[in-house]
Every structure is written in C-alpha cells, then in structure tokens.
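Novice: just a sequence and a predicted model for now, questions to come.
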Amino acid sequence: MSTAAVGSRCRGRFAPSPTGPLHFGSLVAALGSFADARSGAGEWLVRIEDLDRTREVPGAADGMLRTLEAFGLHWDGPVLYQRLRTDAYAAALERLVAQGLCYPCGCTRREIALRARPGLEGPIYPGTCRNGLPPGRAARSVRLRTTHASIRFADAILGPQTQDVAEVVGDFVLRRADGIHAYQLAVVVDDAEQGITNVVRGADLLASTPRQILLQRHLGLPKPVYAHLPLALGADGRKLSKSLAALPVDAARPLPALLAAWRFLGQEAPPEPCKDVASFWAWALPNWQRHLVPSQGLNVTVLI
Ligand code: GLU
C-alpha cells in the first residue's frame, strides 16, 4: 500500500541520465510525470542521474534542463545531482550492511556469465560469494541478499504487478566494482530524500520497481505510487535508445513534439491549434487524463 498520505500534495519527478540530448522517449517521460503531478496542483522536481560519470556526455545535463524549459516543463526547487549524493548512498548501504542484508562479492562478470542462469535483466548471480568470499578473493562489489517472496504493487497504468526478485533477478549489486553505487539504491534514497509521492516513468523501469520496493522496505522508506508509461519505439519496434541519440527534440520548435508526446500518451488533441507552449499547457493540464494512457508502446515514426 502506498504511504503517500491521502490529501497530501502529490510530488512527481523526472530523473534523466545525462547521456545525450533529450529525445522523444525522454520527452514522453518528462511530459507524463509533469502533467500527472501538475494537473493535480502537485509539485514536479528534476534530478540528474549522473552517478556514472563514464556514461555522461559533457554538457548533456545543462542541455536537457534548457530543453525542458523550452517545453514549458518548469520544475520546483533546486535540481538534485546524484554525483553529489555519494555520502547518502554510502549511509544507506551501511544500514543494509548493519542488518546483515548484504555481502561482498569477488566475482567478475565473466565468472558470473559462465555459471549463471539467465534472468530478467542479465544473468542471475549464482551465489558464489553468498556465504563468504572464496579464499584469496578480494571484494569487488556489494550485493543484496534476496530471499524468495512476491513483491506486489498496483501500477497506476499497468495494473497489478508481482515479482519474486530472488527468482528472476537474484542477489543484485548495490555498489559496483568501480565503487559507484547502483542505480537501484540511489533512486530509492533520492525518491525518499525528495519526498516523491508519484513516480511516473517509462515502462523500461517496470521490472526494476520490485527491487526498489524491496530496498524501501529494508530501509524503512515510504513507497511512492508507481505509474509506467508506454515506451516510444523506433521504426524497428525496439525502444528508442539514448545512446543512438534517436530523434533529439528540437528546443527551437517545441510545440510539434509536445503535441506528439501528448497524443502518444493517448490524450485528446486540443480543440484548436495552440499558439505557443504556455497556451498548450494552460489547455493541457486541466485536460490530462491518466486513464487514457495506453499500456502498449507505439512506433513513434507514425507521430512525428
Ligand atoms: N535515470 C533513468 C533513465 O534516464 C530514469 C530513472 C527513473 O526514472 O527512475 O532512464
């Protein structure tokens, strides 16, 4: 059950990784979370997920923020940068370690690939270091010890979901061999820190949600409401990839992409053409209807 208090103000967020320019797929996530929060007079925050500096494209974060502004996606409060939050992630990890929920792992990817069975997102860790590092091995990463149990939650768009994390994901990494805290840990710590009540994001993260709920339970953090949006698919039917810099949106001509993203989310078209971004949002926010958002992705080449 969600701990978002009834009657309290809803707070959404957009949490892009600065790996390239804002493309149509990320615009859909930004617009969906913005409209969902703001249509109920809620707040909307932005967090730059720049934990992995090796994947960051210099200038991408600033470019994304400028593009959001050009699209009228104005955020509340300061932008949170994950690269500045290492101490908070380390403290959360420490709490998990103190509860005996973690263990150091000395395995390389290659060793795991040789022994593991395939899971939902790559190999399921075969448990080699679960009961202690083998003699002579040094710790590389830190993993969460998972146990068989169904994590259930009601997605506000996709309906009831259930996953046994131990079964389909396994003991997952909380701190990587390169010392960087894993996305799953950072996102949970930061959603709580920012007081997020409603996480609205792309359906590519649906399978991650049970891991995040598991961590929230272990850390005693509130569970937001989750809503996963359909993915914008490329012409080949696959997810638009940021690394391919697929269809960066044109900040100089925001209206066509805004309307395309709005329609992509199943929303009714404005009755008359909007003259600018401000008039689009003045019409759009009172007309946002979450129940119209489709559960399946669409090939975006038909829309833009
Ligand atoms: N940083 C992630 C991404 O850009 C999104 C994380 C989230 O919304 O939870 O795909």
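Specialist: Yes, it's here.
Novice: quick one: residues contacting the nearest residue in space to residue 66 that is not next to it in sequence.
Specialist: Among residues not flanking residue 66 along the chain, residue 251 sits closest, at 6.5 Å (C-beta to C-beta, 6 or more residues apart in numbering). Where you see a C-beta, it was placed from the backbone N, CA and C, and this is true even at glycine. By C-beta atoms under 8 Å, 6 or more residues apart in numbering, residue 251 lies in contact with 66-67, 70-71.
Novice: do the same with residue 226
Specialist: So residue 226 contacts 153, 155-156, 199, 209 (C-beta under 8 Å, 6+ apart).
Novice: which strand residues bridge it?
Specialist: Beta-bridge partners for residue 226, by DSSP bridges, are residue 199.
Novice: what pLDDT does it get?
Specialist: Reported pLDDT at residue 226 in the predicted model: 98.
Novice: again with residue 9
Specialist: For residue 9, pLDDT reads 88.
Novice: relative to the ligand, how far out is it?
Specialist: 20 Å (C-beta to the nearest ligand atom, to the nearest Å).
Novice: before we move on, back to that, redo the contacts of residue 251 as CSV? Include secondary structure, pLDDT and neighbour count.
Specialist: Formatted as CSV, the contacts of residue 251 follow (DSSP: H, G, I helix; E, B strand; the rest coil; pLDDT from 0 to 100; neighbours: other C-beta atoms under 10 Å):
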residue, secondary structure, pLDDT, neighbour count
66, helix, 98, 12
67, helix, 97, 22
70, helix, 98, 17
71, coil, 98, 23
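Novice: name the nearest of these relative to residue 110.
Specialist: Set against residue 110, the nearest of these by C-beta to C-beta is residue 67 (39.1 Å).
Novice: run a quick neighbour tally on the closest residue to the ligand within the stretch 101-250 of the chain.
Specialist: At 3.7 Å from the ligand, residue 201 is the closest residue in the stretch 101-250 of the chain, using C-beta to the nearest ligand atom. For residue 201, the neighbour count with other C-beta atoms under 10 Å is 25.
Novice: identify all contacting residues around the helix or strand containing it.
Specialist: Using DSSP states H and E, residue 201 sits in strand 198-202. If you take C-beta under 8 Å, 6+ apart as the criterion, strand 198-202 is touched by 4, 10-13, 15, 25, 28-29, 32-33, 36-37, 42, 156, 191, 224-229, 231.
Novice: one more time with 7 Å
Specialist: The list of residues contacting strand 198-202 from outside it, by C-beta atoms under 7 Å, 6 or more residues apart in numbering, reads 10-12, 25, 29, 32-33, 36-37, 191, 224-229, 231.
Novice: mind naming the longest helix for the protein?
Specialist: When the chain is parsed with DSSP state H, its longest helix is helix 24-38.
Novice: near the ligand, anything from that helix?
Specialist: No - judged by C-beta under 6 Å from any ligand atom, helix 24-38 makes no contact with the ligand; its nearest approach is 6.8 Å.
Novice: give me the residues contacting that helix.
Specialist: Contacts to helix 24-38, defined as C-beta under 7 Å, 6+ apart, come from residues 10-14, 16, 43-44, 68, 71, 73, 198, 200-202, 227, 229, 231-232, 240, 247, 249, 257-258, 261-262, 264-265, 284-285, 288, 290, 300, 304.
Novice: again with stretch 107-118
Specialist: Under the criterion C-beta under 7 Å, 6+ apart, residues 123-126, 128-129 lie in contact with stretch 107-118.
Novice: which among the residues you listed count as buried?
Specialist: Taking 16 or more other C-beta atoms under 10 Å as the criterion, what is buried in the contacts of stretch 107-118 is 124-126, 128-129.
Novice: filter those residues down to the ones close to the ligand.
Specialist: Applying C-beta under 6 Å from any ligand atom to the buried ones among the contacts of stretch 107-118, none is adjacent to the ligand.
Novice: which ones among those lie within strands?
Specialist: residue 124 (DSSP state E).
Novice: what does the stretch 151-300 of the chain have sitting close to the ligand?
Specialist: 187, 201, 205.
Novice: make sure I have this right: the first one is in a helix.
Specialist: The one in question is residue 187. Yes - Residue 187: assigned to a helix according to DSSP: H, G, I helix; E, B strand; the rest coil.
Novice: list the contacts of it.
Specialist: By C-beta under 7 Å, 6+ apart, the contact list for residue 187 reads residue 212.
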